[in-house]
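A.B. asks: based on what follows, work out the 3D shape:
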Amino acid sequence: MGRYLLRRLAFLLVSLALASVVLFVLLRLLPGDPANALTSVGASPEQIAAARHAIGSDRPLPEQFTHWLGQLATGDLGTSFVSSLPVGPEVAARLNVTVPLTLAAFVLAVVIAVPVGFVAARRRHTWYGALLSGISQLGMAVPVFWLGMILIAVFALGAGWLPSGGFPQDGWAAPADAVRSLVLPVLTIALVMSASLIRYVRSAALEVLDSDFLRTARALGASFPAAMWRHGLRNASVPVISVLGIELASTLLGAVVVESVYALPGLGSLLATGIAQHDYPVVQGVLFVSTLAVLLIGFVADLAQRIVDPRLRARLSGGAR
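C.D. replies: Prediction:
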């Protein structure tokens, strides 16, 4: 296991280094000049050249990349071209919205998907088992922004129970208001995510329900709940863990849509603003942090699979020998 962890950490670092190169190159290929965001309309060539010199975009690309890597090595994400403020604290402030939103939606989606997916598998020959499967298929086709607008119309504009968008200026210093502002966004993400997860849980549960080891356990006198708890749950969870990691990562990356619908000051809105203003340090900072989070999620999911599945641990032990 120790060698495996070292290999995975090395892979994570190499992936992060490659991602930093790709991010840097792709941003420089985008049309537009970041100096235009610092100058007024009709600025003279001298003013534009001075703006380029001020932000360092007139330097050779290898020099710019080396400078950025040096900043990353010290934990510095750079300084915004537009606001002249450090990017790191701004990203951290936006994470205070995006991370709770993502985690709460993820937990709610799992709470919905696991029992519903299992019931859909266990009762697949009944009308309500087929209904649950059909609803999950339909839910996967629903655009998240459309669902968000429906929930706003029903619960915010119609019933007036919840705010239609925004986040309190005091942030989490006003916890009740902060939680209320995230209820609809969390519900929007969770409903769409759970529709996809139900399908995977159902598939994993069907494989276990039709397995020989479960029938053997039942034949030896174990009740169905006991057989599922001792033998079925662990086997069914292995493929689902991988899917959970992918869903959590995609939710974090896709939060920009929900944050736009609900006007939340999260990473998504910061990224959209940075792209519109060609603010390279902001865009690089947001994408770098997002990439790091995705790699860490994949690492944790892979490690969790090996903890749950003894066959993978045995394979690691065999490889070590």
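A.B. asks: let me see the domain layout of the protein.
C.D. replies: Using automatic domain parsing, the domains assigned to the chain come out as 7-73, 92-276.
A.B. asks: what's the span of the last one, first residue to last?
C.D. replies: When you say that, I think you mean domain 92-276. The first and last residues of domain 92-276 sit 21 Å apart, counting by Cα to Cα, to the nearest Å.
A.B. asks: what mean pLDDT does it get?
C.D. replies: Averaged across domain 92-276, the pLDDT comes to 84.
A.B. asks: so which bits of the helix or strand hosting Val114 are buried?
C.D. replies: Using DSSP states H and E, Val114 maps to helix 87-122. Buried residues in helix 87-122, counting neighbours by 16 or more other Cβ atoms under 10 Å, are found at 87-88, 90-91, 94-95, 97-98, 100-102, 104-106, 108-110, 112-114, 116-122. Using the backbone N, CA and C atoms, a C-beta is placed for each residue, glycine as well.
A.B. asks: repeat that for stretch 66-76.
C.D. replies: Applying 16+ other Cβ under 10 Å to stretch 66-76 flags Trp68, Gln71, Leu72 as buried.
A.B. asks: not counting sequence-adjacent ones, nearest residue to the second one?
C.D. replies: The one in question is Gln71. Excluding the flanking residues, the one nearest Gln71 by Cβ to Cβ, 6 or more residues apart in numbering is Gly78, at 5.5 Å.
A.B. asks: what residues does the helix or strand Pro225 falls within touch?
C.D. replies: Secondary structure from DSSP H and E places Pro225 in helix 224-227. Helix 224-227 has contacts (Cβ atoms under 8 Å, 6 or more residues apart in numbering) with Leu214, Ala217, Arg218.
A.B. asks: give me the number of residues near the residue nearest to Gln71?
C.D. replies: By the criterion of other Cβ atoms under 10 Å, Gly78 has 20 neighbours.
A.B. asks: thinking it is in contact with Phe288, fair?
C.D. replies: No - judged on Cβ atoms under 8 Å, Gly78 makes no contact with Phe288 at a distance of 9.8 Å.
A.B. asks: pull the residues that contact stretch 133-150.
C.D. replies: If you take Cβ under 8 Å, 6+ apart as the criterion, stretch 133-150 is touched by 116-117, 120, 124, 184-185, 188-189, 191-192, 194-196, 198-199, 202, 254, 257-258, 260-262.
A.B. asks: run the last query once more with 10 Å
C.D. replies: Residues from elsewhere that reach stretch 133-150, judged by Cβ atoms under 10 Å, 6 or more residues apart in numbering: 113, 116-117, 120-121, 124, 157, 164-165, 184-185, 187-189, 191-202, 251, 254-255, 257-258, 260-262.
A.B. asks: gap between the two ends of that stretch?
C.D. replies: End-to-end distance for stretch 133-150, by Cα to Cα: 22 Å.
A.B. asks: identify each buried residue in that stretch, please.
C.D. replies: Ser133, Ser136, Gly139, Val144, Leu147, Gly148.
A.B. asks: which pLDDT value goes with Met1?
C.D. replies: Note on Met1: pLDDT of 62.
A.B. asks: follow-up on the earlier one: and the next helix or strand past the helix holding Val114?
C.D. replies: helix 127-140.
A.B. asks: helix 87-122 and that next one, what's the angle between them?
C.D. replies: For helix 127-140 against helix 87-122, the angle by axes from the mean of the first three to the mean of the last three Cα atoms, to 10 degrees is 150 degrees.
A.B. asks: past helix 127-140, which element shows up next along the chain?
C.D. replies: With elements assigned by DSSP H and E, the helix or strand that comes after helix 127-140 is helix 144-151.
A.B. asks: tell me which element the most centrally placed residue in the chain is part of?
C.D. replies: Nearest to the mean C-alpha position of the chain, by Cα atoms, centre = their mean, lies Leu252 at 2.1 Å. Using DSSP H and E, Leu252 maps to helix 233-261.
A.B. asks: show residues contacting stretch 56-75.
C.D. replies: Stretch 56-75 is contacted by residues 16-17, 20-21, 23-25, 28, 33-35, 49-53, 55, 76-79, 81, 87-88, 278, 280-281, 284-285, 288 when judged by Cβ under 10 Å, 6+ apart.
A.B. asks: swap in 7 Å and give it another go.
C.D. replies: Stretch 56-75 is contacted from outside by Ser20, Phe24, Arg28, Pro34, Ala35, Arg52, Leu77, Gly78, Gln284, using Cβ atoms under 7 Å, 6 or more residues apart in numbering.
A.B. asks: got the phi/psi numbers for Asp279?
C.D. replies: For Asp279, the backbone dihedrals are phi -90, psi 90 (criterion: degrees, to the nearest 10).
A.B. asks: got a list of what it touches?
C.D. replies: Contacts of Asp279 by Cβ under 7 Å, 6+ apart are Pro34, Ala37, Ser80, Phe81, Val82.
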